[in-house]
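[1] I would like the atomic coordinates for the input below:
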Amino acid sequence: MLDDSLLDAPEALARADLHDLLRGAAEAGARVRTAVRHATESGLTELKPDGRPRAVLIAGPGTAATGVADLIGALAGTGCPVVRLAPTGVAPAAGALRWSLPGWTGPVDLLLIVTPDGTEPGLTLLAEQAYRRGCTVVAVAPARTPLAESVEGSHGLTVPMATSPAAAYGTTYGEAESRVSTREEPTGPSDPTAPAQPDPAGPGSLGRPGAAHGVPEDRGPLTSPHNDPPEAPAAAPGTLWALLTPLLVLLDRTGLIAAPVDTLQKVADRLDDVAERCGPAITTYSNPAKTLATELSESLPLIWTEGQTAGMAGRRFAAALAELAGHAALAAELPEALPAHAALLAGGIAGGADSDDFFRDRVEEPAVLRARVVLLRERPSDAGGLTAAPAARELTHSHDTPLSELEPEDGSDLERLAELIAITDFAAVYLALASGGRS
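    As a prediction, the model looks like this:
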């Protein structure tokens, strides 16, 4: 169950947010700027490559690496094959994962390694294998990690991963009160360097004052009963942009993707704008992310997308809902989503009782899980061109299925994509926090 009162209680949200997910979503723009600076300092903006690679190979663990490969593939289009190297292993732990190059990999190919960890032995072995084949290697990983040192030792290029601005100032999990602004109206993204206010219940605690706003004691997969901060999930907001931005700078230099530095600065500004509109201090009725989280509670989201970049945003949204909120969702692209999901719109999907039993006990009857369509479009409706959106609306209305629509404001492909990702990231975080990580 979603606790609506918690959504409009910024201080209680901060106490429940043990992973700093809201901070990560708000700092996405700052991460883009920091990543551009790291890419510039690493010399990516001065590269003069001979031409495009034959193929781009992308390896890395977790949801963020999958999103990086998906987004680069969508932006590259037919200009160059983009292949994600999926890991193998007996467990998802860093030490158990292994990657291998396709047999055709050679000197004309480009290997991109992305990881927020940098301690994976499998990625180090992959970089060494690529060096033996003459394949160019570029890695985005935390500085001074085994992977970073290995790539540099193999004549590759490593770009330090942009960390959270708060980490540079030693902000701890116990400083919960400073993580969310309690202003009634936003004037910009929250300042991560602001001095912390002490928690009335003591440093690092959840604080019983949150109980008045329904902060659950028995939390789901996102929380820990201890004061030590648990490991942040791979789908945490901000990680995607920290890993992706240096690669956009690199691929812009190769001519594969149009992502000049000034466009990336506009992307950062768009992320900041979304952070202002979707911040925890903005009430639900005027906050698109909180509204979407409320709409998706007690439903099965069917995420329908139109456009290549919107398809990537939809798949990431489904992954974030599952990993952060424990909320199942299905993503599909229009127009194929219409026949694929039509049967799901016909009625209750799970939890319904026998409708023929008139004398059944409705008090103890579980809620029927109904589908809700979320339509993500990469272009505004007035942009013209062929669209399946009218057919999607007609199908949902014919089945009395609720429909939520998100359309970004006008701008470049990257700006529109950034807006869709940012709003859906905030929505997944709010759904996770207000439902206790259990949907």
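
[2] can you tell me the closest non-neighbouring residue to D252?
    Among residues not flanking D252 along the chain, A259 sits closest, at 4.3 Å (Cβ to Cβ, 6 or more residues apart in numbering). No exception for glycine: its C-beta is placed from N, CA and C like everyone else's.

[3] helices of this protein, start to end?
    Taking DSSP state H, the helices of the chain run over residues 4-7, 10-16, 21-26, 28-41, 62-76, 121-132, 146-153, 239-254, 261-278, 288-296, 308-325, 337-341, 389-398, 413-434.

[4] tell me if I'm right that the residue nearest to D252 and L251 touch.
    Yes: assessed by Cβ atoms under 8 Å, A259 is found in contact with L251 at 6.8 Å.

[5] comparing these two, which residue is more hemmed in?
    For A259 versus L251, neighbours defined as other Cβ atoms under 10 Å are more numerous around L251 (27 against 22).

[6] and the residue nearest to T34 when sequence neighbours are not counted, backbone torsions?
    Distances taken as Cβ to Cβ, 6+ apart place A162 nearest to T34, at 3.8 Å, with adjacent residues excluded. With angles defined as degrees, to the nearest 10, A162 sits at phi -70, psi 120.

[7] now A162: how far from R370?
    A162 sits 40 Å away from R370, going by Cβ to Cβ, to the nearest Å.

[8] for L7, same thing?
    According to Cβ to Cβ, L7 and R370 sit 21 Å apart.

[9] neighbour-wise, which of those two wins?
    Taking other Cβ under 10 Å, L7 and R370 do not tie; L7 has more neighbours (25 against 19).

[10] what sits against the more buried one?
    By Cβ atoms under 8 Å, 6 or more residues apart in numbering, the contact list for L7 reads L13, T284, K290, A293, T294, Y430, A434.

[11] quick one: pLDDT of it?
    Listed pLDDT for L7 reads 92.

[12] next: W304.
    W304 is given a pLDDT of 98.

[13] does Q265 touch R37 like I think?
    No: Q265 lies out of contact with R37 (Cβ under 8 Å); the separation is 11.0 Å.

[14] in contact with the nearest residue to V274 once chain neighbours are set aside, which residues?
    Spatial nearest neighbour of V274, excluding adjacent residues (Cβ to Cβ, 6+ apart): A422 at 3.9 Å. Residues in contact with A422 (Cβ under 8 Å, 6+ apart) are A25, A28, P237, R270, L271, V274, A275, C278.

[15] could you do P107 as well?
    If you count contacts by Cβ under 8 Å, 6+ apart, then P107 has R133, G134, C135, T136 around it.

[16] now, of those residues, which are buried?
    Restricting the contacts of P107 to buried positions leaves C135, T136, with burial counted as 16 or more other Cβ atoms under 10 Å.

[17] now tabulate the contacts of P107 in TSV and tack on distance to L243 and pLDDT.
    Output for these, formatted as TSV (distance: Cβ to Cβ, whole Å; pLDDT from 0 to 100):
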residue	distance to L243	pLDDT
R133	24	95
G134	25	94
C135	20	95
T136	18	94
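
[18] can you add distance to T78 and give the contacts of P107 back as a markdown table?
    Formatted as a markdown table, the contacts of P107 follow (distance: Cβ to Cβ, whole Å):
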| residue | distance to T78 |
| --- | --- |
| R133 | 25 |
| G134 | 26 |
| C135 | 22 |
| T136 | 22 |
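
[19] between the contacts of P107, which is nearest P61?
    C135 (19.9 Å; Cβ to Cβ).

[20] close enough to count as contact, that closest one and W104?
    No: under the criterion of Cβ under 8 Å, C135 makes no contact with W104, lying 10.8 Å away.

[21] for E128, give its distance to H155.
    With Cβ to Cβ as the criterion, E128 and H155 are 11 Å apart.

[22] may I ask which helix or strand of this structure has the lowest mean pLDDT?
    One helix or strand of the chain scores below all others by mean pLDDT, DSSP states H and E: helix 4-7, with a mean of 87.

[23] export that helix to CSV, keeping only CA atoms.
    Backbone C-alpha positions of helix 4-7 (Å, rounded to 0.1, in the frame of the first residue of the first chain) are rendered in CSV as follows:
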residue,chain,number,x,y,z
ASP,A,4,0.0,9.2,0.4
SER,A,5,0.7,11.2,3.6
LEU,A,6,4.4,10.3,3.4
LEU,A,7,4.7,11.8,-0.1
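
[24] so how far is H341 from the closest residue to A337 other than its chain neighbours?
    Closest residue in space to A337, ignoring its immediate chain neighbours: W304 at 4.5 Å, by Cβ to Cβ, 6+ apart. Per Cβ to Cβ, W304 is found 8 Å from H341.
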